[in-house]
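*Asks:* What follows is a protein structure lacking sequence information:
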């Protein structure tokens, strides 16, 4: 099946053995290469933009499998090994780099499998059913050393994997053996062994998890977790098989089991084809979440409406399910919010969430292998390789986790990608689309474009839909705020759930401002949208930025909706801020009550005394400014400079200047016990002016000035 590893396509017998591969037969030779029956291939057309699932444009190319060439794939290092002429010439190609490694090894029999250590220093080669040979590739002599199965005579190797640097696990039909490899001494040391009857195994290098299958039905799975220097056996669990199966034969196959990390959590992915007459869907993919003490708990079920052979890729936390018979792929997101959770109604499964495909199943985008220079394929006898048409969902395909597809017959390795733009074209519900895109990487511009279209003429959505989108943005922003609190472990767990953050500045720059400039967008709609976004931010405890309020105010003023503006301010739809108050001050010429609204807002803030003074002085309301100053108390008055007040009073009239000067003299006397100004206040010019006008502090228009001070400053209200 698609999930079989190339390194496992071998047999311990000398004859050719037929292997069912997605419903088609291959013949697998003892040397490890495939003899493929000739099949018709189709020439694909040009790639369209409507395909959500695509293969990369530049696949990794290697020599195809033939009677002289064997191919192996190492999932840990993402390397393809091409072995020619038995085992004399080895070419190593990597997904992660364009550099090819060429090795010459002595011919000691056909190769069953080979893999580099994680530091690329040691090459492990399996040529026999019981022994692994090791070669220090950086040494000049490349002397081989080996390790054989150390259990019973009937024991044979099922495979091996490098778990950590210089640590390798051998999986046999009797259990596992963990060794430490010492390249300098060319020796191995046993670290741990576990005995269990093994049918087959599945290993995930990313999570360092190994599953061994046992029992006659192969449905008992034994998980092992590898850490540096050791291995931990986790709780085993049994995979439930449909009751209509014949229990006398093996039912759980290796191809139907995958280990995957989705949204930072480990799952066992099980493909289950339900027999005719069984309740539930025709087929389903069950996700069992792994826990140390509880084993695997069934958590999600992906519903499929067809039977057959399936293969699974994980791309950007999306589950891509390939179906060979229909030549289609469907997408699932276990965190996609479709409105109301749907739980399994079958007995004992009420806690299992059911999921349907995001969009209708579609084929992978057509692809054609580009021409390749022969120099990129070592030992190729042809000068060039012409463009090759690719048969999608070919029986030659082999799927590796998380996102790799290999066609050994064509000699190509692709990575699978999901195109969010194609999903956006096929999903009608924009709220569900945004919910999906927020968890995809690199989709910020697309999300903003979707939101802008949802508000644009011709593609405008209902306000209720837009409100849902705003709530999604606010929820992510609150998650980000929460991720900065708590322990480092909890922070990391919370941040795994966050892929894209759309904040207020993003919406303002990319959506609101461009829409405001369009003539075909009704201002009432724009105001309603902005107010709804402000509602969402307040509901999620997020401080609203001033430029959103300013946009609302400008829209109302531009359309002469002053009464509505007054109501927004009165009922705090627009929250108090210095920026908003300053904007209101600037609107006084258009809407005179805005001045008093601004002063009231500044006073409510209790941190905008300077702005209040500036506003009152700009209106030449000196007495109101002095009354407000006195209401602040002596401690606040001590920090206020008298110079700008005296300057404004001097420009008004002599009586006002006398009143303001006397006010600050009284302030000085209460602060320092004498009426003189401090040298640092810079009021010497105003003292001289006062003396020249009124002949010193004991003279002047006492009657009128004293009356002003008594009457106008007698109240402490601002």
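*Replies:* In hand now; what should we look at? These figures come from a predicted structure and were not determined experimentally. Residues are numbered from 1 along each chain as shown.
*Asks:* what comes up buried for the helix or strand encompassing residue 298?
*Replies:* Assessed by DSSP states H and E, residue 298 sits inside strand 295-304. Within strand 295-304, the residues scored as buried using 16 or more other CB atoms under 10 Å are 295-296, 298-304. From N, CA and C alone the C-beta is placed, and that goes for glycine too.
*Asks:* Run a quick neighbour tally on residue 58.
*Replies:* 11 (other CB atoms under 10 Å).
*Asks:* list the contacts for it?
*Replies:* By CB atoms under 8 Å, 6 or more residues apart in numbering, residue 58 lies in contact with residue 370.
*Asks:* so what strands line up beside the host helix or strand of residue 80?
*Replies:* Per DSSP H and E: residue 80 is located in strand 79-84. Sheet pairing here is set by DSSP bridges, and for strand 79-84 it gives strand 69-74 (antiparallel), strand 89-94 (antiparallel).
*Asks:* Any chance of a markdown table for those, columns mean pLDDT and distance to residue 257?
*Replies:* Below are the strands paired with strand 79-84 laid out as a markdown table (pLDDT from 0 to 100; distance: least, CB to CB, whole Å):
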| stretch | mean pLDDT | distance to residue 257 |
| --- | --- | --- |
| strand 69-74 | 90 | 18 |
| strand 89-94 | 88 | 27 |
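*Asks:* So for residue 360, which of these sits nearest?
*Replies:* Residue 360 lies closest to strand 69-74 among the strands paired with strand 79-84, at 31.9 Å (CB to CB).
*Asks:* wait, is residue 598 part of a strand?
*Replies:* No: counting by DSSP: H, G, I helix; E, B strand; the rest coil, residue 598 is not part of a strand but helix.
*Asks:* okay, it: pLDDT?
*Replies:* For residue 598, the pLDDT comes out at 87.
*Asks:* so it sits right up against residue 615, yeah?
*Replies:* Yes: between residue 598 and residue 615 there is a contact under CB atoms under 8 Å: 6.6 Å.
*Asks:* list the residues that contact both of those two?
*Replies:* Common neighbours of residue 598 and residue 615 (CB under 8 Å, 6+ apart) are residue 585.
*Asks:* what's the single longest helix in the chain?
*Replies:* helix 463-483 (DSSP state H).
*Asks:* And that one, what does it pack against?
*Replies:* Helices and strands touching helix 463-483, by 3 or more CB pairs under 8 Å, 6 or more residues apart in numbering; DSSP states H and E, are helix 430-437, helix 444-455, helix 488-496, helix 523-539.
*Asks:* could you give the angle of the first one to helix 463-483?
*Replies:* This means helix 430-437. Orientation of helix 430-437 against helix 463-483 (axes from the mean of the first three to the mean of the last three CA atoms, to 10 degrees) gives an angle of 30 degrees.
*Asks:* who's in contact with helix 430-437?
*Replies:* 333, 336-339, 358, 420, 423-424, 427, 443, 446-447, 450-451, 453-454, 461, 465, 468-469, 472, 500.
*Asks:* What residue, apart from its backbone neighbours, is nearest the most centrally placed residue in the chain spatially?
*Replies:* Centroid-nearest residue in the chain: residue 499, 2.8 Å away (criterion: CA atoms, centre = their mean). Closest residue to residue 499 apart from its sequence neighbours, by CB to CB, 6 or more residues apart in numbering: residue 439 at 4.9 Å.
*Asks:* Name the SS class of the one you found, please.
*Replies:* Applying three-state DSSP: residue 439 is coil.
*Asks:* Same check on residue 406?
*Replies:* Under three-state DSSP, residue 406 comes out as strand.
*Asks:* number of nearby residues for it?
*Replies:* The burial count for residue 406: 24, using other CB under 10 Å.
*Asks:* now swap in the one 3 residues further on and tell me
*Replies:* By other CB under 10 Å, the residues close to residue 409 number 20.
*Asks:* now it, nearest residue through space, not along the chain?
*Replies:* Per CB to CB, 6+ apart, closest to residue 409 is residue 396, 4.3 Å.
*Asks:* ok, now how distant is the one you found from residue 405?
*Replies:* 10 Å (CB to CB, to the nearest Å).
*Asks:* These two: who's more crowded?
*Replies:* When residue 396 and residue 405 are compared on other CB under 10 Å, the one with more neighbours turns out to be residue 405, at 24 against 21.
*Asks:* got the phi/psi numbers for the residue nearest to the centre of the chain?
*Replies:* The phi/psi pair for residue 499 (degrees, to the nearest 10) reads phi -110, psi -50.
*Asks:* so who does it touch?
*Replies:* 438-441, 443.
*Asks:* Now that you've got the residues you listed, can you turn the buried subset into something I can paste into ChimeraX?
*Replies:* Command for ChimeraX, covering only those of those found buried under the criterion 16+ other CB under 10 Å:
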select :438,439,440,443
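*Asks:* right, and the pair among the contacts of residue 499 with maximum separation?
*Replies:* Taking CB to CB, no two of the contacts of residue 499 sit farther apart than 438 and 441, at 10.6 Å.
*Asks:* Common neighbours of these two, please.
*Replies:* 499-500.
*Asks:* any idea where the strands of the stretch 151-300 of the chain begin and end?
*Replies:* 157-164, 167-172, 175-182, 187-195, 201-204, 209-214, 220-227, 230-233, 237-238, 257-262, 265-273, 283-291, 295-304 (DSSP state E, counting those that start in this stretch).
*Asks:* who wins for proximity to residue 627 among these?
*Replies:* strand 265-273 (64.0 Å).
*Asks:* got the buried residues for that closest one?
*Replies:* Buried residues in strand 265-273 (16+ other CB under 10 Å): 266-273.
*Asks:* picking that back up, now which of the contacts of helix 430-437 would you call buried?
*Replies:* Counted by 16+ other CB under 10 Å, the contacts of helix 430-437 give 333, 358, 420, 423-424, 427, 443, 446-447, 450-451, 454, 461, 465, 468-469, 472, 500 as buried.
*Asks:* which regions of the chain sit below the pLDDT cut-off?
*Replies:* Low-confidence segments of the chain (pLDDT under 70): 1-49, 85-87, 151-152, 243-250, 275-281, 338-341, 344-350, 372-387, 486-497, 696-718.
*Asks:* if I read this right, residue 422 contacts residue 51, doesn't it?
*Replies:* Yes: at 5.8 Å, residue 422 counts as touching residue 51 under the criterion of CB under 8 Å.
*Asks:* Next up, identify which helix or strand residue 134 is on.
*Replies:* Residue-wise, residue 134 maps onto strand 131-136 under DSSP H and E.
*Asks:* Let me see the residues that make contact with that strand.
*Replies:* For strand 131-136, with CB under 8 Å, 6+ apart as the criterion, the contacting residues are 105, 108, 121-127, 142-149, 157, 160, 168, 170, 181, 183, 186, 188.
*Asks:* Swap in 6 Å and give it another go.
*Replies:* 122-126, 142, 144-148, 160, 183 (CB atoms under 6 Å, 6 or more residues apart in numbering).
*Asks:* filter the residues you listed to the buried ones?
*Replies:* 122-126, 145, 147, 160, 183.
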